[in-house]
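J.: Sequence and predicted structure are below.
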Amino acid sequence: MKKLLIFLIITFSLNSSADYTVGLSAYNNGDTRTAIFEWLTDMKDGEYFSGGISAYYIGRDKEKEKNYIDAIKFYEFAAQRGIDFAQFSLGRTYYSYPEVRNLIYAYMWMEIGMSNGFDKTDGKNNAESHLSFEELALASRLSIRCALSKFADCTLKPEDEKRIADAKNAAERKIKADAKKQEDAKKQAEKTKQKKYFKPVNMTCFYESGNLIQEFTWSYDGNKHSVYFQGFSMNVNVMKLSEKDKFKLTMDTGQTFENDYNNYKSVSTFGGRRIFGICIPK
């Protein structure tokens, strides 16, 4: 924190006015709002201030017209002239409208406005609740930098924006990874449950084609399929169909079967013909 103060003092080359000294003392005692108020005291009168009042009312009209980009421009002109309600309105605009939303600037300007004498808080707590710890710390530092520079340095540095983007991307990746992990765990739990309570199916099916009758014995334990043709084990490729416990099984010969283990049914397809098997549970 001391390094930050030294950096700010050198950067902005502030003189040792009474307002600055009182503000610095308040800041060192942890009273940020008093510090900002004191640093902006000398901006509260004169034509410079009056011009800001006019800009504020133009900004308010632009906001009513839903021209939020121009509203921000005029509010910012007024805010830079030390007008507390313009500063708060600028922050509230940054928070309220998706077209211009920037939660860090929203927090910064509302914090400056409140520190500078504005006595309302509506919106600031909402903006704060959407900021991460790192974003909130950055917004607080930026409000100090903005006030100390008399509004000459109130924007995020490219490195700050990159750090925020990187942190946001990392958080989104973590959320997605956690969601996938939970989904995978749920699926695994369901598989384990099904396997635990699944009753193995064994059935012998007869398929009549002309004078030829094929006999296949099928076994399914909820995970693995086994098939025997005329008592000999056969290799089979398996594809799950949409229905419960219904599969398409393909033999090396190209003959396919659609087995509905739940209802003890099987249909064979070979050479363009479909043959319904007669299946007997074992």
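T.: Structure received. In this text the structure is predicted, and so the values were computed from the model without any measurement.
J.: make it CA atoms for all contacts and neighbour counts henceforth
T.: Fine.
J.: unless I'm mixing things up, N202 is touching K224, no?
T.: No. The pair N202 / K224 is not scored as a contact, 11.9 Å apart, by Cα atoms under 8 Å.
J.: Span of stretch 254-274 from start to end?
T.: Across stretch 254-274, the terminal residues are separated by 13 Å (Cα to Cα, to the nearest Å).
J.: Okay, buried residues for it please.
T.: Within stretch 254-274, the residues scored as buried using 16 or more other Cα atoms under 10 Å are 256-261, 264-268.
J.: farthest pair in the residues you listed?
T.: Spatial extent of the buried residues of stretch 254-274 (Cα to Cα) is set by the pair T256 and Y264 at 16.4 Å.
J.: ok, back up a step: more neighbours, N202 and K224?
T.: N202 (18 against 9; other Cα atoms under 10 Å).
J.: ranges for the strands of the stretch 51-200 of the chain?
T.: In the stretch 51-200 of the chain, no strands are defined using DSSP state E, counting those that start in this stretch.
J.: quick one: low-confidence ranges for it?
T.: Low-confidence segments of the stretch 51-200 of the chain, defined by pLDDT under 70, are located at 51, 121-124, 191-198.
J.: how far is the longest helix seen in the chain from where the chain is centred?
T.: The single longest helix within the chain, with elements called by DSSP state H, is helix 158-197. Put simply, helix 158-197 sits 11 Å off its chain's centre (Cα atoms, centre = their mean, to the nearest Å).
J.: buried residues in that helix?
T.: Of all the residues in helix 158-197, those buried under the rule 16+ other Cα under 10 Å are I164.
J.: Show the subsequent helix or strand relative to that helix.
T.: strand 201-209 (DSSP states H and E).
J.: counting contacts, what elements does the helix or strand following that following strand pack onto?
T.: Next helix or strand after strand 201-209 toward the C-terminus (DSSP H and E): strand 212-220. Secondary-structure packing of strand 212-220 (3 or more Cα pairs under 8 Å, 6 or more residues apart in numbering; DSSP states H and E): strand 201-209, strand 225-229.
J.: Now do the longest one against strand 225-229, angle only.
T.: Here the directions of strand 201-209 and strand 225-229 differ by 40 degrees (axes from the mean of the first three to the mean of the last three Cα atoms, to 10 degrees).
J.: CA atoms only for strand 201-209, dumped as CSV, please.
T.: C-alpha atoms of strand 201-209 as CSV (Å, rounded to 0.1, in the frame of the first residue of the first chain):
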residue,chain,number,x,y,z
VAL,A,201,-30.8,-61.3,-19.4
ASN,A,202,-30.3,-64.6,-21.1
MET,A,203,-32.5,-65.6,-24.1
THR,A,204,-32.4,-68.1,-26.9
CYS,A,205,-33.9,-66.9,-30.2
PHE,A,206,-34.8,-68.8,-33.3
TYR,A,207,-34.9,-67.2,-36.7
GLU,A,208,-36.6,-69.0,-39.6
SER,A,209,-35.5,-68.4,-43.1
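J.: Quick check: T253 vs E190, distance?
T.: 34 Å.
J.: typo on my end, it should be G271
T.: 38 Å.
J.: Repeat that for F216.
T.: Computed as Cα to Cα, the F216 to E190 distance reads 30 Å.
J.: what's around G222, how many residues?
T.: With other Cα under 10 Å as criterion, G222 counts 17.
J.: That one and P200 touch, don't they?
T.: Yes. Counting by Cα under 8 Å, P200 is a contact partner of G222 at 6.6 Å.
J.: got any residues that touch both of these two?
T.: Any residue near both G222 and P200 by Cα atoms under 8 Å, 6 or more residues apart in numbering counts here, and not one turns up.
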